[in-house]
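Enquirer: The sequence isn't on hand, but the structure is:
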């Protein structure tokens with residue numbers, strides 16, 4: 001097997017170009033919906049972490 005970094009770079013460039021051509025800018029409504037879901041997930045994980053930390057603080 002030969003080490004051919006130029007082929008890897010060319011393959012990465014081709015795949016990246018394909019990915020960018022398939023992507024699109026979200027509509028404002030879609031962006032807001034995604035933002036709400038992400039914020040809700042962060043809050044849920046934060047609350048769960050706080051509750052678990054508090055419970056373990058009382059146990060230990």
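Expert: Happy to help now that I have it. Here the structure is a predicted model, which is why all the values come from computation and not from measurement. Residues are numbered from 1 along each chain as shown.

Enquirer: what helix or strand does the residue nearest the centre of the chain sit in?
Expert: Centroid-nearest residue in the chain: residue 38, 9.8 Å away (criterion: CA atoms, centre = their mean). Using DSSP states H and E, residue 38 sits within helix 28-59.

Enquirer: Relative to the whole chain's centre, how far out is that helix?
Expert: Relative to its chain's centre, helix 28-59 lies at 15 Å (CA atoms, centre = their mean, to the nearest Å).

Enquirer: One more: stretch 17-27?
Expert: Using CA atoms, centre = their mean, the offset of stretch 17-27 from its chain centre is 16 Å.

Enquirer: What is the least confident helix or strand in the protein?
Expert: helix 5-22 (a mean of 88; mean pLDDT, DSSP states H and E).

Enquirer: dump the residue contacts of residue 9.
Expert: By CB atoms under 8 Å, 6 or more residues apart in numbering, no residues touch residue 9. Glycine gets a C-beta too; all of them are placed from N, C-alpha and C.

Enquirer: Check the gap between it and residue 40 for me.
Expert: 40 Å (CB to CB, to the nearest Å).
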